[in-house]
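[1] prediction below, plus the sequence it came from.
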Amino acid sequence: MEGVLAAILESGDPERLYTGLSLLVSAASAGEEVRALLGFGALRALTDPDLATRATLISDAEREPFARTLDELRAVAAELPNCRLWACSAAVQATGLAFEHVTSMPAFLREAGDARLVFV
């Protein structure tokens with residue numbers, strides 16, 4: 001897929017996930033087609049309502065704005081029509097977490113085709 005950004009989000013680290021979501025939302029907001037596959041860590045993190053409280057690199061003074069912005073990025077990524085998020089089927093099966101769209105890594109990579117691929 002030419003002109004498509006495909007990302008594999010594996011990290012459950014709030015700061016790394018913030019960076020990955022920011023990349024996805026920025027590209028999708030600019031009109032680019034975006035695809036993301038959520039691995040074990042990212043799936044657990046994105047379904048955790050208290051994700052921002054686990055941030056270790058954020059000072060106490062930064063925690064509230066970080067948490068608010070992370071929640072906003074999470075919501076916008078799920079709402080943008082050209083930003084499609086899938087959970088890895090193995091991660092869903094292993095964790096028992098529910099997610100609306102589920103696919104396998106091989107199917108995601110086939111779908112991504114010639115997309116620019118990033119790993120977070």
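    Looks like it came in fine. This is a predicted model, so every value here is computed, not measured.
[2] tell me which element L37 falls in.
    Assessed by DSSP states H and E, L37 sits inside strand 33-38.
[3] list of residues touching that strand?
    Outside strand 33-38, the residues that touch it by Cβ atoms under 8 Å, 6 or more residues apart in numbering are 1, 3-9, 20, 24, 27-28, 46, 77, 80, 82-88, 91, 99, 103, 105, 108, 111-112, 115. C-beta: built from backbone N, CA, C; applies to glycine.
[4] ok, now which ones touch E32?
    Taking Cβ under 8 Å, 6+ apart, we find E32 in contact with G3, V4, L5, N82.
[5] one step back: for the next helix or strand after the strand holding L37, buried residues please.
    Downstream of strand 33-38, the next assigned helix or strand under DSSP H and E is helix 40-46. Within helix 40-46, the residues scored as buried using 16 or more other Cβ atoms under 10 Å are F40, G41, A42, L43, A45, L46.
[6] and these, which is closest to R54?
    Comparing the buried residues of helix 40-46 against R54 with Cβ to Cβ places A45 closest, at 8.1 Å.
[7] against V4, how distant is the closest one?
    Going from A45 to V4 by Cβ to Cβ, to the nearest Å gives 24 Å.
[8] tell me how many other residues crowd A91.
    Look at A91: counted by other Cβ atoms under 10 Å, it has 21 neighbours.
[9] an error on my part: the question was meant for T56.
    Residues within reach of T56, counting by other Cβ under 10 Å, total 7.
[10] in the sheet, who's paired with V4?
    V4 forms beta bridges with E33, as assigned by DSSP bridges.
[11] mind listing what it touches?
    E32, E33, V34, R35, A112, G113, A115, R116.
[12] what's the most distant pair in the buried residues of helix 40-46?
    Largest separation among those by Cβ to Cβ: F40 and L46, giving 11.3 Å.
[13] quick one: the strands in this protein?
    Along the chain, counting by DSSP state E, strands occupy 4-9, 33-38, 83-88, 102-103, 116-119.
[14] still on that earlier bit, pick the one among the contacts of V4 closest to I58.
    V34 (25.4 Å).
[15] pull the longest helix from this structure.
    Longest helix of the chain, by residue count under DSSP state H: helix 60-79.
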